[in-house]
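> Fold the following.
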Amino acid sequence: MAVITFTSDFGYRDHYVAAVKAKIISQDPQIPIIDITHAVEPFNIPQAEFVLGSVYHEFPEGTVHLVGVDTHSKKGKYLAAKFKGHYFLLPDNGLLSLLTDGRPAKVIELQTDILMPFPTKELLAPAAVYLAKGGDIEVLGNQTHDIRQLLNRQLRLNDHSITGHVIHVDRYGNLITNITRDSIDTIAHGRTFTIHFSRETVGRIYANYNQVDEGDCCCIYNSLNQLCIGINKGHASELLGLGFDSQIDVRFYPGS
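As a prediction, the model looks like this:
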C-alpha cells in the first residue's frame, strides 16, 4: 500500500484537514498519511508548487500526492495525473503544469457531474485511497490533454549575467530564488561574480547563514542547490523589502 501525502491551503484553525483525513481512514484505516503542509497561503498556487515540488521526489515511487489548494476550479475540473512514478490528485488550476513543467506522463479528468462544496474530501480523497491501494488511474475517468497551463519563471542568462527571481520566502524570511548552482557554474567559467539584490551586493556564497555576523546578509545554496539570500538571525524579506518575484542579479567579471 502506497503513502498518501497531503498538501493544502486549509490552515490549522478549522476542521477541514481532519475531515479529509477522516474520509481517507474511514475507507482504509491502514493507509499512511503524511502532511506536507496546510499553511499554504489561500489560493497561492506558486507557493504550493514550490513546497510540494521541493519534496515530492523524496518519497518512493507510487506515492499519491493529494493537493487541496485553490480547490474550487472555475470549470469544476479535477485531475489525477502520473509523473515520474508519482500520482497527483488536484484541481485543474494550473498547479499540475507547474509541478511537471507541462509534461505529465498521463492525465485523467475525474468523473463528476455535480459541483461539490468540499471536492478535496468528496472527490479527491476517495480517488487517493483507490490509487494508494494499487488501483488503475484510467478507471478514474477519461484521459485528457486539455489542462490549464501556467509557466514557471525562467532565468535570463548571457555571458556576463544571470537574472532570476525570488520564488519563495520561507518562515525565517529567507529568500529562495530560481537561480541554481549549475546555472552559476555554467556561466562563471571560473570568473568572480557578485550577487545584487535590493541595495545590497554580496561577493561570496557561504555554506550556511551562521558564517556571517548576526544581522549581516548571506547567500547560500540550499539542499536543492538553489541560491538563497538570508540575514543571520534576521528576517531578510522584511529587512530588505523583497518578496515573491523580486529580481535577483548575478554579474560576472573578467579574470578569476
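
> And what about the residue sitting nearest the centre point of the chain, helix, strand or coil?
For the chain, the residue sitting closest to the mean C-alpha position, by CA atoms, centre = their mean, is residue 50 at 2.0 Å. Under the three-state scheme (DSSP: H, G, I helix; E, B strand; the rest coil), residue 50 adopts helix.

> now residue 213
coil.

> Tell me how many other residues crowd the residue nearest to it when sequence neighbours are not counted.
Leaving aside its sequence neighbours, residue 213 sits nearest to residue 232 (CB to CB, 6 or more residues apart in numbering; 6.7 Å). Any C-beta I mention is one placed from the backbone N, CA and C, and that applies to glycine too. The tally of other residues near residue 232 (other CB atoms under 10 Å) stands at 17.

> Look up how far residue 27 lies from residue 232.
To residue 27, residue 232 is 48 Å away according to CB to CB, to the nearest Å.

> What of residue 213?
54 Å.

> So between those two, which is more surrounded?
More neighbours surround residue 27 than the other of residue 213 and residue 27, with 15 against 9 (other CB under 10 Å).

> In three-state terms, how would the closest residue to the more buried one other than its chain neighbours be classified?
Leaving out its chain neighbours, the residue that sits closest to residue 27 by CB to CB, 6+ apart is residue 129, at 4.7 Å. Classification of residue 129 using three-state DSSP returns helix.

> My guess is residue 129 contacts residue 29. True?
No. Contact criterion CB atoms under 8 Å: residue 129 and residue 29 do not qualify, at 10.8 Å.

> the more surrounded of those two?
Remark: of residue 129 and residue 29, residue 129 carries more neighbours, 21 against 7, as counted by other CB under 10 Å.

> Got the domain ranges for this protein?
4-143, 156-252 (automatic domain parsing).

> quick one: terminal-to-terminal distance for the first one?
It refers to domain 4-143. From its first residue to its last, domain 4-143 covers 22 Å (CA to CA, to the nearest Å).

> Equivalent analysis for the shortest one, please.
End-to-end distance of domain 156-252: 14 Å, with CA to CA as the criterion.

> could we number from 15 for the rest of this?
Okay, residue one is now 15; in that scheme the one you just asked about reads as domain 170-266.

> Tell me the spacing between the residue nearest to residue 255 when sequence neighbours are not counted and residue 249.
Excluding the flanking residues, the one nearest residue 255 by CB to CB, 6+ apart is residue 212, at 6.1 Å. Separation of residue 212 from residue 249 (CB to CB) stands at 13 Å.

> Cheers, nothing more for now.
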